[in-house]
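Visitor: my questions concern the predicted model and sequence given below.
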Amino acid sequence: MSDAGRSDDRAAATDGGASDAAVTETRGVGDATPTGAPGADDVLSVRDLSTRFFTEEGQINAVESVSFDLREDEILGVVGESGSGKSVTALSLVDLVETPGRITAGEVWYRDPDLAEEFRGTEAVRVDDDHVDLRTVPPGVRRSLRGPSFSVIFQDPMSSFNPSITVGEQIAEAVEVQRRARANPRSTRSRTQGYGLGKYLLDGIVPGRDYTSEESMDRAVELLGQVGIPDPEERVDEYPGQFSGGMLQRAMIAQALAGEPDVLIADEPTTALDVTIQAQILNLLTEIQEERGMSIVLITHDLGVIAEMCDRVCVMYAGEVVERGTLDSVFEDTVHPYTQGLLGSIPDVDDPRARLEPIAGNVPSLLDAEMGDRCYFADRCPKAMESCLDKPPEATVDAAADHGVKCVLADREYDPADALADDRFEADAAATDGGDGE
Ligand SMILES: Nc1ncnc2c1ncn2[C@@H]1O[C@H](COP(=O)(O)OP(=O)(O)OP(=O)(O)O)[C@@H](O)[C@H]1O
Ligand code: NI
């Protein structure tokens, strides 16, 4: 497999063509590496998405050329340690990255035949069959999709409620936005006008009282009940501050479901909850997903949750997707030592006394200046070799299982004789500082 067409420049993320060259050569029949146009059953196809934060300390590469497909009716798990770029990826999908952050490259193809029809032939908007690259549509249209098309359950429930509006009104508003969008699917303008209330107070718009219909309020009560909030008829009139963290988390899930979105992005939706409720909520998500045919991106630290719920999985490390594929293939034919490490840290249900083995070392800072151009996991990797000082291209493990990995072990066995000496990283860093780039 040739590495030839590969640009060494990290900025190659902005130049999909060059960085894809090597990947294309490794592709098998099943289109394992998501580099081409979105497939017909992909609700969402992300290509080479990069998001950076431009801070005083320097440029932080929070999301580094991430690509994946979200299929219709599937749950895609995104897993990785703290700081691996999961939340920033989620925010990037819905265009909610805030300054000093910015999406610097990539495509976010969303399947929406009406939208595609509306923009087909326009110059600035990229359309591919039924898919539209959301990065190229006007920002107002992008916002209008939040709710009826995309919903996000954020890690921090406080951030998605306005403290001065009752929980019920905010959920009812999400119901109304969805109803308007459904009533008028072809008109982007009507959606855009509908946008702005409920959870979109992120943009500082506050709905007036009595804005929501009784019908939507009834639906809000129903949704609160569904997510396990006791006495929903009463709680619906309370303010977010009157809810405990766990209750608010559930209310946020109700709010996200109110829009009946095509795509639900759930960022650690149950971290704040106790184990019983956690299981309840996850069951609820699965049920609703099956009932409504929704696609879910489920972000979690917990590979156990992934194993239970997901069809497909993306493993993130240091801003990159390092291994991805169907659950079975990634769990059974694991290639990346990082994935192996995460799997090793799942509690063994059959043997509760089994020790957890967290991966030694820490996630790198993601500061561009400190990242270099090699496998980012190499300095924690029990199988690091000399070749890991070069950036590994994504290789196909099993095309049929959509299983790809960024690791040299994809096509060679680990040989302890090749083990990398500990001081090689410093030597490599020194060489990079000396400016050996081409
Ligand atoms: N507002 C910000 N300003 C600067 N850097 C940021 C900002 N938000 C995120 N980052 C950086 O982006 C990186 C990825 O963060 P992210 O929140 O996506 O990680 P995560 O995988 O979701 O972690 P966790 O599991 O803890 O939620 C972090 O290392 C952080 O340094
Ligand atoms: Ni996060």
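Guide: Arrived safely. Ligands and ions are numbered 1, 2, ... in the order given.

Visitor: quick one: pLDDT of the most centrally placed residue in the chain?
Guide: In the chain, the residue lying closest to the centroid (Cα atoms, centre = their mean) is residue 90, at 4.1 Å. Note on residue 90: pLDDT of 94.

Visitor: wait, doesn't it sit right on residue 300?
Guide: No - Residue 90 is not in contact with residue 300 according to Cβ atoms under 8 Å; the separation is 11.6 Å. (Each C-beta comes from the backbone N, C-alpha and C, glycine too.)

Visitor: between the two, which contacts overlap?
Guide: Contact with both residue 90 and residue 300 is made by residues residue 78, according to Cβ atoms under 8 Å, 6 or more residues apart in numbering.

Visitor: now do the contacts for the residue of the stretch 51-200 of the chain found nearest ligand 2.
Guide: In the stretch 51-200 of the chain, the residue that lies nearest ligand 2 is residue 87 (3.0 Å; Cβ to the ion). Applying Cβ under 8 Å, 6+ apart to residue 87 gives the contacts 155, 267, 299.

Visitor: most neighbours of all these, which one?
Guide: Among these, residue 299 has the most neighbours (other Cβ atoms under 10 Å), with 25 neighbours.

Visitor: and residue 163, that one's in a strand?
Guide: No - read with DSSP: H, G, I helix; E, B strand; the rest coil, residue 163 is coil and lies in no strand.

Visitor: do you know how far it is from residue 249?
Guide: According to Cβ to Cβ, to the nearest Å, residue 163 and residue 249 sit 16 Å apart.

Visitor: more neighbours: which of the two?
Guide: Using other Cβ under 10 Å, the more surrounded residue of residue 163 and residue 249 is residue 249, with 26 against 9.

Visitor: state the pLDDT value of that one.
Guide: On the pLDDT scale, residue 249 gets 85.

Visitor: go on, the one 10 residues further on?
Guide: Note for residue 259: predicted pLDDT of 83.

Visitor: who touches it in this structure?
Guide: Residues in contact with residue 259 (Cβ under 8 Å, 6+ apart) are 147, 148, 151, 174, 175, 177, 178.

Visitor: which among those gets closest to residue 402?
Guide: Nearest to residue 402, judged by Cβ to Cβ, of these is residue 151 at 25.1 Å.

Visitor: report how many residues lie close to residue 248.
Guide: Applying other Cβ under 10 Å, I find that residue 248 has 21 neighbouring residues.

Visitor: anything in the helix or strand containing the residue nearest to the centre of the chain near ligand 1?
Guide: Using DSSP states H and E, residue 90 sits in helix 86-93. Yes - counting by Cβ under 6 Å from any ligand atom, contacts between helix 86-93 and ligand 1 involve 86, 87, 88.

Visitor: hmm, the first one is touching residue 66, no?
Guide: No - under the contact definition of Cβ under 8 Å, residue 86 does not touch residue 66, with a separation of 10.2 Å.

Visitor: overlap in contacts, these two.
Guide: Counting by Cβ under 8 Å, 6+ apart, the residues touching both residue 86 and residue 66 are residue 316.

Visitor: need the helices for the stretch 251-400 of the chain, in chain order.
Guide: Ranges of helices in the stretch 251-400 of the chain, per DSSP state H, counting those that start in this stretch, are 275-292, 303-309, 327-332, 337-344, 368-371.

Visitor: could you do the stretch 101-250 of the chain as well?
Guide: Taking DSSP H, counting those that start in this stretch to define them, one finds helices in the stretch 101-250 of the chain at 113-119, 139-145, 167-183, 188-194, 214-226, 232-235, 245-258.

Visitor: nearest to ligand 1, out of the ones you listed?
Guide: Shortest distance between ligand 1 and the helices of the stretch 101-250 of the chain, using Cβ to the nearest ligand atom, is found for helix 245-258: 14.6 Å.

Visitor: now what about stretch 114-126, what contacts it?
Guide: 107, 127-133, 135-137, 141, 185-186, 188.

Visitor: between these, which has the most around it?
Guide: Result: residue 132 is most packed of these (other Cβ under 10 Å), 29 neighbours.

Visitor: what's near enough to touch that residue?
Guide: 109, 110, 112, 115, 116, 119, 125, 126.

Visitor: for the second one, name its beta-bridge partners.
Guide: In this structure, residue 110 bridges to residue 44, residue 132 when assessed by DSSP bridges.

Visitor: for ligand 1, give me its nearest residue in the stretch 301-438 of the chain.
Guide: For the stretch 301-438 of the chain, Cβ to the nearest ligand atom, closest residue to ligand 1: residue 366, 4.7 Å.

Visitor: per-residue pLDDT, that residue?
Guide: The confidence metric pLDDT takes the value 93 at residue 366.

Visitor: I'd say it and residue 59 touch.
Guide: No - the criterion here is Cβ under 8 Å, and residue 366 misses it with residue 59 at 9.2 Å.

Visitor: of these two, who's got more company?
Guide: Neighbours were counted for residue 366 and for residue 59 using other Cβ under 10 Å; residue 366 has more, 23 against 16.

Visitor: gap between the more buried one and residue 318?
Guide: Distance from residue 366 to residue 318, by Cβ to Cβ: 6 Å.

Visitor: which stretches of the stretch 1-150 of the chain have low pLDDT?
Guide: 1-35 (pLDDT under 70).

Visitor: can you pull the residues of it lying near ligand 2?
Guide: Residues of the stretch 1-150 of the chain found near ligand 2 (Cβ under 5 Å from the ion) are 86, 87.

Visitor: quote the end-to-end distance of stretch 157-170.
Guide: Using Cα to Cα, to the nearest Å, one end of stretch 157-170 lies 13 Å from the other.

Visitor: next, the buried residues of that stretch.
Guide: Within stretch 157-170, the residues that count as buried by 16 or more other Cβ atoms under 10 Å are 157, 160, 161, 162, 165, 166, 167, 168, 169, 170.

Visitor: can you check stretch 41-50 too?
Guide: Buried residues in stretch 41-50 (16+ other Cβ under 10 Å): 42, 43, 44, 45, 46, 47, 48, 49, 50.

Visitor: ok, these vs ligand 2, which is closest?
Guide: Within these, the smallest distance to ligand 2 is 16.0 Å, found for residue 49 (Cβ to the ion).

Visitor: beta-bridge partners for the closest one, please?
Guide: Counting by DSSP bridges, residue 49 forms beta bridges with residue 66.

Visitor: about what we covered before: of the buried residues of stretch 157-170, list those near ligand 2.
Guide: Residues of these in contact with ligand 2 (Cβ under 5 Å from the ion): none.
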